[in-house]
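Asker: Fold the stuff below for me.
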Amino acid sequence: MSLPAAASATLLAAAPATVPPETTQQAIGYPSLFLLVLIGALVPVVPTGALVSSAAVVAVHQTAPFSLALVFVTASLAAFLGDVALYWLGRRGMNSKNGSRWLETIRSRAPEDRLAQAQEKLAGHGVTVLVLSRLMPAGRIPVMLACLLARWPLRRFARGNLPACLAWAVTYQLIGILGGSLFPEPWEGVVAAVALTLLISAAPSVWRRLRGTRTR
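Answerer: Okay, the predicted model is just below:
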């Protein structure tokens, strides 16, 4: 082997390995997932369930260890912190003379009939209703408002909300795992998971409209 060739071989051996694409995806993906789920918890218009399902689809197709576990931890932690922050802002609004725009946001997202049902169930079943509300489409905000009106302390709400966020993250992650395992390409699984998540989210409102039409 010639001297230049040997030197080139030595430099290539000593050079650091190229950063794999999965590492770059994880470095960008997990903070982005955390931020988007956190914003979605504070502003209840972002489809956070679809975000978690899409992230789970991508994790299924990755070879890096603990990808699914990191998606679960990231999503559940962001949802928990977002819920606690929104509840704290709501309590601050109730104790404020001028109210709070966050409290008004919560009230605008909770119809009177849903709020009445949430208050009745919360009085009878307590924390169990809080856990189930995270799994029901459009059920989180009415129950949170019912907790605010019942003057639950922040600590009590946080204790009940923790298992709710864990169950929520597991449920939507399973939807993503199902979509990722059924399709060979990640983008196909993402499309399927997002479509299924949006369908589940829209089902209750469609059902209520159909019932209202039949009643009229």
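Asker: Could you list the buried residues of the strand or helix carrying residue 177?
Answerer: Following DSSP states H and E, one finds residue 177 within helix 154-182. For helix 154-182, a neighbour-count test (16 or more other Cβ atoms under 10 Å) marks 157-158, 160-166, 168-169, 172-173, 175-180 as buried. The C-beta positions use only the backbone N, C-alpha and C, and glycine is treated the same way.
Asker: now do stretch 35-52
Answerer: Across stretch 35-52, burial judged by 16+ other Cβ under 10 Å covers 36-38, 40-42, 44, 48-52.
Asker: Which two of those have the greatest separation?
Answerer: Largest separation among the buried residues of stretch 35-52 by Cβ to Cβ: 42 and 50, giving 17.0 Å.
Asker: how far away is the closest residue to residue 123 other than its chain neighbours from residue 170?
Answerer: Nearest residue to residue 123 in three dimensions, chain neighbours excluded: residue 150, at 7.5 Å (Cβ to Cβ, 6 or more residues apart in numbering). Taking Cβ to Cβ, to the nearest Å as the criterion, residue 150 is separated from residue 170 by 27 Å.
Asker: Can you pull the poorly scored residue ranges out of the chain?
Answerer: By pLDDT under 70, the low-scoring segments of the chain are 1-27, 63-64, 95-102, 105, 109-111, 114, 180-216.
Asker: can you map out the helices along it?
Answerer: 3-14, 21-42, 48-60, 67-95, 101-108, 112-125, 127-135, 140-149, 154-182, 186-215 (DSSP state H).
Asker: Check which helices and strands the helix holding residue 177 is in contact with.
Answerer: If you count contacts as 3 or more Cβ pairs under 8 Å, 6 or more residues apart in numbering; DSSP states H and E, helix 154-182 packs onto helix 48-60, helix 67-95, helix 127-135, helix 186-215.
Asker: so who does residue 131 touch?
Answerer: Residue 131 is in contact with 160, 163-164, 167, counting by Cβ atoms under 8 Å, 6 or more residues apart in numbering.
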